[in-house]
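Peer 1: okay, predicted coordinates and the sequence, questions at the end:
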Amino acid sequence: MWLNRDGSLPTLTSNLYARLLGPNATVEERRQYYARTLAAKTEFWRAKRKCAGVLHFCGLGYCRPDGQTSDNFTDVQNLVFEPNFFRYVRDSFAPVGVMLDFWGTEATAGEKKNLRVAVINDLDAVWSGTVRLRLLKGATVLAEQTKPLTIPALGEAEVHFELIPPSVTADCTLEAALVKKGEPPVCSLRDVHIEPRRPNLALGRPAKASSEARNELGFFPAQLAVDGKGDTRWSSRFGDDGWLAVDLGAGKTVSGVELVWEAAFAAAYVIETSADGTEWKEVARNPNGNGGTEQLKFAPVTTQWIRIRALKRATGFGISLWEFRVTGEDAATQTKKNL
């Protein structure tokens, strides 16, 4: 995710930011995304207590558009950090660190989220204060909860919150903060898009896949793509032609899908339906997948099975979905409308 000193793209990341932020992303947007992501990664590794340290290259000594370079100083001679880097990454290295254990990008209004906040104390003294969870829309606080916490020297702790997002459609920020009188708060931030509740015909339905990855990170079965949780995912094994299929039950009229991709997305794919889970018919195609959250609409069709089938991988991994959502109506509802 490196950037040059002026925010331009080195050869290593020339295509990365176009995929993540779009081809017209500004320097400021790149710098903020880079800093926020780097902070989250740092929090993750610190909170695990399974590594001896977390190091970061703040500068690689030179900056040119035709090389693999990175620099988080805007003024190297005077050691002035790029403001986003200083603001976000600084907190991730705080002596008493905090990690909001949320890795999805979306939440549904009115749908409860169980959120874990990990706290790690690298001081040789007890820390006492408050753990605060906020949902923010810009500077406006939409929801807030606090819990007291005392953590021993060189210790670690967990605090759990239940959050029900309000009925808004907005880009928001989840903030977990350590608050202590006389000290600035230490924050862990995650971007999240709040959407109104929409019927998802695939939610909790039986699912199967071409393959299910199992590795040192865990097991990623097909069912995790339809569990309604934005931080669990299905992943295929590394290879081409990966697919995920869901049994909707009899009499479902579908008219679209929403795909919430993990980093391993499909560069090209089709949506297919089937009456029996064996013979498939294509109903939609996307030859230019961009990852992130993608929505495809198509003419309503009544089906029992629906699947996504990759035609081309975007990465050297397989394909992986946080969520596979299906929109439409029960056949009975559609029949009533037609009458």
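Peer 2: Sure thing, it's come through.
Peer 1: by contact count, what packs against the host helix or strand of L189?
Peer 2: Assigned by DSSP states H and E, L189 belongs to strand 186-195. Strand 186-195 is packed against helix 27-47, helix 83-92, strand 96-100, strand 106-108, strand 170-179, with contacts defined by 3 or more Cβ pairs under 8 Å, 6 or more residues apart in numbering; DSSP states H and E. All C-beta spots, glycine's among them, are computed from the backbone N, C-alpha and C.
Peer 1: what lies in contact with stretch 23-42?
Peer 2: 1, 3, 6-9, 17-18, 20-21, 54, 56, 82, 84-85, 87-89, 91-93, 99, 188-191 (Cβ atoms under 8 Å, 6 or more residues apart in numbering).
Peer 1: next, the buried residues of the strand holding L189.
Peer 2: Buried residues in strand 186-195, defined by neighbour count with 16 or more other Cβ atoms under 10 Å: 186-190, 192, 194-195.
Peer 1: give me the angle between that strand and strand 170-179.
Peer 2: 160 degrees (axes from the mean of the first three to the mean of the last three Cα atoms, to 10 degrees).
Peer 1: now do strand 186-195 against helix 27-47, angle only.
Peer 2: 120 degrees.
Peer 1: where does the stretch 51-200 of the chain have low pLDDT?
Peer 2: Scanning the stretch 51-200 of the chain for pLDDT under 70 picks out 58, 60-62.
Peer 1: can you do 80?
Peer 2: Scanning the stretch 51-200 of the chain for pLDDT under 80 picks out the ranges 51-54, 56-65, 67, 197-198.
Peer 1: would you map out the domains in this protein?
Peer 2: 11-92, 96-195, 207-338 (automatic domain parsing).
Peer 1: which parts of whatever helix or strand G256 lives in are buried?
Peer 2: Using DSSP H and E, G256 sits in strand 243-261. For strand 243-261, the neighbour count (16+ other Cβ under 10 Å) marks 243-248, 252-261 as buried.
Peer 1: farthest-apart pair in the residues you listed, please.
Peer 2: The distance between the two most remote of these (Cβ to Cβ) is 25.4 Å, for T253 and W261.
Peer 1: show me what contacts D122?
Peer 2: 95-97, 154.
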